[in-house]
Structures are given as structure tokens and as C-alpha cells.
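Engineer: the sequence isn't on hand, but the structure is:
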């Protein structure tokens, strides 16, 4: 099976999951099963009444979740384009968050805010998987070269506006379904969306011969939107029809995916129509992709996942759930700002390394001043959001992480191999920030999470240093594999940290924030990690270092996911 075919199958399965979730709400079966993740304490309860819909939804969700995680791994293994891989990683992260929100809807007896978030995030997961399927299709028609830059520039904001209108409609529709609110707003939004679509058709109809791909997306969007409006009108007449209401939800997801693909196609044509800039040409403003790259999206995403894990483990009641959005927003901004400032301070050394020389600053696509302003702006904004909307403790912890990363770790990379130990501190603080945002206090549990992240980072970074030894040498960084000739110290420390991770990973069960299921699962995961670390320490080659690095990338989300699913009840 080709990657594209698997991605299409995953998108179809995700759509089926959306329909199954819609049936749960449409048949009022949300509380047919009172516990989670098991159903009445069983993996397979008697399938009677509403249990058919609720437990069936969970079974489909489990299969789809594994399919999406498999898609992310497949992309990571063979997909050369970073942006396609990131879409897969985002889908995997979102489906894990979706599972946790699904658990909250049951444990907290269907609170409207959580139910609405669960419904909206499901649409996002589907849209991300569709985009992966679209991006992996080698046979896509090439963008037309007959549209000038001015026309494309005028169409782009309007295509994005249609996406935003669809997103707003989906949110309002979820509010209608789960809170019986915003009915008037949903109707007004439908009218606005239809008018915007009609205006769009009038604009691009004259371009259908010059841009057939855009016209094809437009026709499909128009057909789906017409079907959605018809279903919405029918739903008003048959309010008790579960099939009608569920179909309305499903077509809404297709409308969102098609609107995103339309905007994507406009952007693709624009990128192909724009003449390439000569290497080294300086653009003081930079494009939005350059600003995004400054934030190191994958590293920032890891920060958000670990902060969310700390919040989830620390939260006690639904009252604190309102802080999750400002917590993640503020933490993400601080992390992105720190990463941008790190690239600003190391731009000369990045230009010497093969894996970083194409970043915005060493490639000349952005001025150092613009990058510095951007990094400082993100950092200040994130700290203010945390301090005002969450609490002073989480803001202080984020500031501490920012300061250690930029003022200690970044300069120490040039002087001493001990920089790895120092750099592991800010990397281990995000779950502590999440816990502080949930509890407004710190305890032994928060530091147990810190210890797991701290120890995990050390073999992870040592493996990375071995893989990029030559790059680090050219840049003048003082990493442990560079200051020794035989690699014995690196091997000893890799094995030592792999061994230390086993008892440290068991701390959550030992102090009562996770069940015995986590205890035994953590033993299995950590022993597997230790075997790979021991192999890397024994063989001391790039091949074994790469295997250790990849294993570490899989280990952490696996351990945190297990911890999130087996946390002790409040």
C-alpha cells in the first residue's frame, strides 16, 4: 500500500468516526456509559440501548487513533517534505487531545464547553488528515501559470475568509447541538457564508479556463455547501431525526476540508507564480513561513504537549478548564519567542551547519532586527497572558525557563559539554508550568513530571549530538562527543541515563497520580528504551545513535499518553 492510499483510508475512517460521534449526540447517548476509558469497567460491555452508539464510537475512535498515529510514523519515516510531516504530527497530537476531551465529556457529565471543544477538535483532526492525503498525492494537477500575482493576491484573503466563516459556523453549530445556544447566530452565519460563496463564484467563474484547479475546488465547495444548507433546513423540520442531524455534521466537516483545500490551492499557485529570490537576498520582513520557522514548530509543539500533560494530571475539577487555552497560548508564545531569540543569537553559527543554514536568518530571508523584535514580542506577550489569565506562578516558571534557555544554555554550548544538563532544565519545566496552571501550586507530583522530562532529554540530546557531530564541530559547539576521541564518556552517560529513566518513569505511580496499569506499562516502555540505549552505548555508531534518537521521539509521547489515560481519579 502506498502512503497516499493509506492517508486516504485514514481520512475516510476519520470521517466515519465523525459520523459515529454525531450519532452519539443525536441519539442523546453521551452518558449511556458513565466511565472512561473503559465502559462499565469492561472493554466490551453488552451492546444494548445507547451503549451501542457510545461504546461503538469509542471502538471506532481507538482504531482511527491508531491509524493516525501510524500515518504520522509513516510520514516521519519516508516523507521528505517537512510541511507534510508536520501536518501528520499535528493530526497525531490533535487526536490524542481529542481522546482526552472525550474522556472529560463523560467524567464531567457533558459540560457544554468541553463538549463543544470536543466537537470542534474532531473537525480539525479530520481536516488535517484530509490535508495529509491531499499533500501526499503525487498526481495532483500542477498549478496554472496563467494567473498573475495581482489576481492571486486579491483572491488569497477571500479564500481564507471563507475558511474562517466555515470554522465559525462549525463552532456555532456545535454550540447549538451541545448547549442549545447561538441558534440565531448560526442562521446568520449560514447566510453570510452563502453570500461569501456566491461572491467567490462570481469572481473565479471568469478564471475557470486559466485556473481549472481553482474552479474545480470551487464547484465542489458549492455543491457541498448547497447540500449542507438543504440539510440544515431539513433539520429544522425534523429535529428528532438522528440521521438528518448527523448528516448535517458530516457534510459540515466536508465543507471545512474543501474550503481549506481551496485556500491551499490559491497559496500553492501563488508560491509557484512568484519568482524565486536569489540565494542570500535579504528581505527584512520575511514571510509567514519564515516567522513560523523561527519558533521551531516541532520543539514548540513538544512544549505544548508536555504542558498540556501537566495540566491534565494536575486538574481537579471542570472549573479550571477555562485556563487551558490561555495556559497553552502563553506557554507556546514564550517557547516560540525563546526559540526565535535563540536563532537570532546563533545566526552566524547556524550558517556553518548543514541542517540549519537554510533557516531564515542565515539564508538572508529576514533581517536580524526583525527576528529579534519578533522573539521579544512573542516572549513578552506570552508572559503577560500567563500572568493575567492563568497565575503568577506559571508566568514566573515560564520566565525562568526562558532565562535559563537563552542566558545560560545558549552561551554555554560554546564553552562546555555541561550545557546539555543545563539545557535539560527549561526542557523539563513545561509540565511543571501546566501543573501550576491547574493547581496554582507545586508539589511532589509536579517535580516527578520534571524528573521524567529531565532524564529523558539527556540520552535524546546525546544521540542528536552524535548524529550531527560534524555540524556541531564546524559551528564551534562544545558537545560531549566532540571533546573526546573514543566516545566512551558519551556511551557511559547514554547507558547511565537510560538506566535512570526506568525508576524515574515509575514515580507517578509510586506517589499516587497514576494507576498500576501505568506502572507496568512504564516498565515495558522504559526497558525497551534501555535496550536501545545499551545498544547505542555498546556499538557507538551513527546507526545506533539514530535508532536511539528515533526511539526517544516515540518513547515520550507513548509514556505521557499512557500516563494521561491511567491517571488516578479526582
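Structural biologist: Ah, there it is. Just so you know, these numbers come straight off a predicted model, no measurement behind them.
Engineer: worst-scoring helix or strand of the chain, pLDDT-wise?
Structural biologist: helix 149-179 (a mean of 84; mean pLDDT, DSSP states H and E).
Engineer: counting contacts, what elements does that helix pack onto?
Structural biologist: helix 112-135, helix 183-204, helix 242-273 (3 or more C-beta pairs under 8 Å, 6 or more residues apart in numbering; DSSP states H and E). All C-beta spots, glycine's among them, are computed from the backbone N, C-alpha and C.
Engineer: and residue 42, how many neighbours does it have?
Structural biologist: 11 (other C-beta atoms under 10 Å).
Engineer: actually, residue 403.
Structural biologist: 13.
Engineer: okay, it: pLDDT?
Structural biologist: We have a pLDDT of 94 for residue 403.
Engineer: that one falls within a helix, correct?
Structural biologist: Yes - applying DSSP: H, G, I helix; E, B strand; the rest coil, one finds residue 403 inside a helix.
Engineer: ok, residue 300 touching residue 332?
Structural biologist: Yes - Residue 300 lies in contact with residue 332 (C-beta atoms under 8 Å); the separation is 5.8 Å.
Engineer: which parts of the stretch 351-500 of the chain are helices?
Structural biologist: 368-385, 392-403, 410-412, 419-428, 430-439, 444-467, 469-475, 488-505 (DSSP state H, counting those that start in this stretch).
Engineer: returning to what we had before: dump the helices and strands packed on helix 149-179 to JSON lines, plus distance to residue 419, mean pLDDT and mean neighbour count.
Structural biologist: Converted to JSON lines, those look like this (distance: least, C-beta to C-beta, whole Å; pLDDT from 0 to 100; neighbours: other C-beta atoms under 10 Å):
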{"stretch": "helix 112-135", "distance to residue 419": "36", "mean pLDDT": "90", "mean neighbour count": "23"}
{"stretch": "helix 183-204", "distance to residue 419": "52", "mean pLDDT": "87", "mean neighbour count": "15"}
{"stretch": "helix 242-273", "distance to residue 419": "38", "mean pLDDT": "86", "mean neighbour count": "20"}
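Engineer: between those, which gets nearest to residue 513?
Structural biologist: With C-beta to C-beta as the measure, helix 112-135 is the member of the helices and strands packed on helix 149-179 nearest residue 513 (21.2 Å).
Engineer: report the distance from the closest one to the chain centre.
Structural biologist: 11 Å (C-alpha atoms, centre = their mean, to the nearest Å).
Engineer: kindly report the same for stretch 31-42.
Structural biologist: Mean-position distance between stretch 31-42 and its chain equals 28 Å (C-alpha atoms, centre = their mean).
Engineer: host element of the residue nearest in space to the middle of the chain?
Structural biologist: Residue closest to the average C-alpha location in the chain (C-alpha atoms, centre = their mean): residue 90, at 3.5 Å. If you go by DSSP states H and E, residue 90 is part of helix 82-107.
Engineer: quick one: average pLDDT of that helix?
Structural biologist: 88.
Engineer: check the offset of that helix from the chain's centre.
Structural biologist: 7 Å.
Engineer: what is the burial count for residue 451?
Structural biologist: Other residues lying near residue 451 total 18 when counted by other C-beta under 10 Å.
Engineer: and it, how far from residue 458?
Structural biologist: 12 Å (C-beta to C-beta, to the nearest Å).
Engineer: swap in residue 374?
Structural biologist: From residue 374 to residue 458 the distance is 31 Å (C-beta to C-beta).
Engineer: just residue 566 next, same as before
Structural biologist: Distance from residue 566 to residue 458, by C-beta to C-beta: 25 Å.
Engineer: got it, and residue 206?
Structural biologist: For residue 206, the distance to residue 458 - C-beta to C-beta - is 61 Å.
Engineer: look at these two and report which has more neighbours.
Structural biologist: residue 458 (22 against 8).
Engineer: with adjacent residues omitted, what lies nearest to the more buried one?
Structural biologist: residue 497 (4.2 Å; C-beta to C-beta, 6 or more residues apart in numbering).
Engineer: tell me who's in contact with residue 253.
Structural biologist: Counting by C-beta atoms under 8 Å, 6 or more residues apart in numbering, residue 253 touches 15, 18, 122-123, 126-127, 170.
Engineer: please apply the same query to residue 74.
Structural biologist: Counting by C-beta under 8 Å, 6+ apart, residue 74 makes contact with 3, 6, 88.
Engineer: go again with 7 Å.
Structural biologist: 3, 6 (C-beta atoms under 7 Å, 6 or more residues apart in numbering).
Engineer: circling back: what is the neighbour count of the residue nearest to residue 458?
Structural biologist: For residue 497, using other C-beta under 10 Å, the count is 23.
Engineer: for residue 489, see how far away it is.
Structural biologist: Residue 497 is 12 Å from residue 489, where distance means C-beta to C-beta.
Engineer: for residue 445, same thing?
Structural biologist: From residue 445 to residue 489 the distance is 34 Å (C-beta to C-beta).
Engineer: more crowded one of the two?
Structural biologist: Under the criterion of other C-beta under 10 Å, the comparison of residue 445 against residue 489 puts residue 445 first, with 21 against 14.
Engineer: thinking that one is in contact with residue 514, fair?
Structural biologist: No - under the criterion of C-beta atoms under 7 Å, residue 445 makes no contact with residue 514, lying 9.7 Å away.
Engineer: so what's the residue nearest to residue 172 when sequence neighbours are not counted up against?
Structural biologist: Nearest-residue entry for residue 172: residue 186, 4.1 Å, with adjacent residues in sequence omitted and distances by C-beta to C-beta, 6+ apart. Residues counted as contacts of residue 186 (C-beta under 7 Å, 6+ apart) are 169, 172-173, 176.
Engineer: please repeat the previous calculation with a cut-off of 8 Å.
Structural biologist: Applying C-beta under 8 Å, 6+ apart, the residues near residue 186 are 169, 172-173, 175-176.
Engineer: quick one on the thing from earlier: got the angle between the helix holding residue 90 and helix 149-179?
Structural biologist: With axes from the mean of the first three to the mean of the last three C-alpha atoms, to 10 degrees applied, the angle from helix 82-107 to helix 149-179 works out at 20 degrees.
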